[in-house]
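Engineer: let's see this in three dimensions:
(one chain, ligands or ions: 1)
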Amino acid sequence: MTANGGGQRTVSTSESDGARTESTTGDAPLGSPDIVDPVIEARDLDVYYGDDQALHGINLEIPEEQVTALIGPSGCGKSTFLRSINRMNDLIDIARVEGDLFFREKNVYDEDVDPVALRRKIGMVFQKPNPFPKSIYDNVAYGLRVQGQDENLDEKVHTALERAALLEEVEDQLDSSGLDLSGGQQQRLCIARAIAPDPEVILMDEPASALDPVATSKIEDLVEELAEEYTVIIVTHNMQQAARISDKTAVFLTGGHLVEFDDTDKIFENPESDRVEDYITGKFG
Ligand code: ADP
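Structural biologist: Numbers count the residues shown, from 1 in each chain. This is a model prediction of the structure:
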């Protein structure tokens, strides 16, 4: 697969009047660094809720084993894009997807794709920690048992808890309810649950926004560690957080357009688009 949507990097910019403009729909966003062997690739992806179009012609390639942040003002389609990657939008009756979304070069919307199997390879962590009302152990073992991966279960549960930076805090209480943990611990438990079946990609939808600063900082450290083994895509409304923990940043703006995608340093220090600069410097959003 060629990089950047099969060579569609036709971004029209005009600086003749000092005000840059950009055309986004159907084109690659501004920036668009070359990504070798992207894990996820969206091509001309549109998402609708009923008659309302929430995403317009998204072209984006996500690199392997890096943290990619999705930022932009509320309602610009970040969560919608995230949910389109592992077909969580299927669970919303009025949601409709057009265009292509490839995971390792396979279109996840092909008829022969089983969304449940897909979600084991592309796990998800939500804004509000949502452990099951079960023991810590059973929370982490859940996905493994469902898949019949229950040989060496203890070892797998321990490994997932360790990778989620939670093992030390809970190893003496694995039979206690996951609901008795603090909010930050619950979120790390949900991360352990997501990584236990050994996914390739972890989607995170504002995973720290319901947490206090100390718990947030632990989640941020963890996200950076996870990217050594997994591809992480994280929605955040916190621009400092995106700047701190991500390698690449995609900026969505109002109306559901992906305007710019680049190395995070470039986005925050010298974005191509005036609108992105206005957004990250706090002029709107
Ligand atoms: P963000 O994550 O950037 O805040 P969302 O993806 O949540 O944006 O929302 C994008 C647009 O889609 C908004 O206009 C929102 O109202 C609409 N939307 C999101 N979820 C639903 C839904 N379940 N049903 C109908 N409209 C939705």
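
Engineer: just give me the neighbour total for the closest residue to the ligand within the stretch 101-250 of the chain.
Structural biologist: Nearest residue of the stretch 101-250 of the chain to the ligand, counting by Cβ to the nearest ligand atom: Val235, 6.1 Å away. Where C-beta positions appear, they are placed from N, C-alpha and C, glycine not excepted. A count of neighbours around Val235, defined by other Cβ atoms under 10 Å, yields 24.

Engineer: tell me which element Val97 is part of?
Structural biologist: strand 95-103 (DSSP states H and E).

Engineer: any residue of that strand up close to the ligand?
Structural biologist: No: against the ligand, strand 95-103 shows no contacts by Cβ under 6 Å from any ligand atom, the least distance being 6.6 Å.

Engineer: and the next element down the chain from that strand?
Structural biologist: Strand 95-103 is succeeded, C-terminally, by strand 106-107 (DSSP H and E).

Engineer: near the ligand, which residues of the chain? Just list them.
Structural biologist: Within the chain, the positions near the ligand by Cβ under 6 Å from any ligand atom are 49, 54, 72, 74-80, 92, 94.

Engineer: mind doing that once more with 5 Å?
Structural biologist: Counting by Cβ under 5 Å from any ligand atom, the residues of the chain close to the ligand are 49, 54, 74-80, 92.

Engineer: and stretch 236-249, end to end?
Structural biologist: 10 Å (Cα to Cα, to the nearest Å).

Engineer: so Val223, which of the three states?
Structural biologist: Recorded secondary structure, Val223: helix (DSSP: H, G, I helix; E, B strand; the rest coil).

Engineer: what is the neighbour count of it?
Structural biologist: The burial count for Val223: 25, using other Cβ under 10 Å.

Engineer: also the one 10 residues further on?
Structural biologist: Close neighbours of Ile233, defined as other Cβ under 10 Å, add up to 28.

Engineer: ditto for the one 10 residues further on
Structural biologist: Summarising burial for Ala243: neighbours were counted as other Cβ under 10 Å, giving 18.

Engineer: now Pro29
Structural biologist: Neighbour count for Pro29, taken as other Cβ under 10 Å: 26.

Engineer: what sits against it?
Structural biologist: With contacts defined as Cβ atoms under 8 Å, 6 or more residues apart in numbering, the neighbours of Pro29 are 11, 59-60, 250-251, 258-261.

Engineer: next: Gln185.
Structural biologist: Here Gln185 is in contact with 166, 169-170, 215 (Cβ under 8 Å, 6+ apart).

Engineer: before we move on, back to that, could the contacts of Pro29 go into a markdown table alongside neighbour count?
Structural biologist: Output for those, formatted as a markdown table (neighbours: other Cβ atoms under 10 Å):
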| residue | neighbour count |
| --- | --- |
| Val11 | 18 |
| Asn59 | 25 |
| Leu60 | 27 |
| Ala250 | 29 |
| Val251 | 29 |
| Leu258 | 30 |
| Val259 | 23 |
| Glu260 | 26 |
| Phe261 | 27 |
